[in-house]
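Q: I would like the atomic coordinates for the input below:
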Amino acid sequence: MAAESGDVRPPSSRDDGPTPWALAGLGLQWFVAVLAFVYAGNWVDRQLGSAPIALLAGVFVGGGGVFYVAVRRVLGTGSRKSGTPSASSSSRQSEHRRHDD
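A: Numbers count the residues shown, from 1 in each chain. Model (predicted):
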């Protein structure tokens, strides 16, 4: 009966998490972000004469930010888009329209 409802998926289409290519993309994203923040921190240090302070801040901000994004992506908690209305808000809108009529 489960086959009739369409709930059974073949073993090859199981959702086992991110693909190796997605993880490689996360590595590239980490590299580019850390490199950009290191460059920005080095530039700020040269402008202010504050040797390694902004450089180290850039390393930690860039690396920490990408680490946060990577963990959310791997765990699947960042997949929902914030621009889509939730079901409760759409039902509230339709209820509000009914009261206006």
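Q: Tell me which residues of whichever strand or helix holds residue 61 come out buried.
A: Under DSSP states H and E, the secondary-structure element containing residue 61 is helix 53-75. Burial within helix 53-75, assessed by neighbour count using 16 or more other CB atoms under 10 Å, is assigned to 54, 55, 57, 58, 61, 62, 66, 70, 73. Every C-beta, even on glycine, is put in place using the N, C-alpha and C of the backbone.
Q: How much space separates residue 32 from residue 75?
A: With distances taken as CB to CB, to the nearest Å, residue 32 is found 22 Å from residue 75.
Q: typo on my end, it should be residue 46
A: Using CB to CB, residue 46 is found at 39 Å from residue 75.
Q: and the longest helix seen in the chain, which residues are buried?
A: As far as residue count goes, and with DSSP state H defining each element, the longest helix of the chain is helix 20-48. Of the residues in helix 20-48, those buried by neighbour count under the rule 16+ other CB under 10 Å are 26, 30, 33, 34, 37, 38, 40, 41, 45.
Q: which ones are touching the first one?
A: Under the criterion of CB atoms under 8 Å, 6 or more residues apart in numbering, the neighbours of residue 26 are 18, 66, 70, 73, 74.
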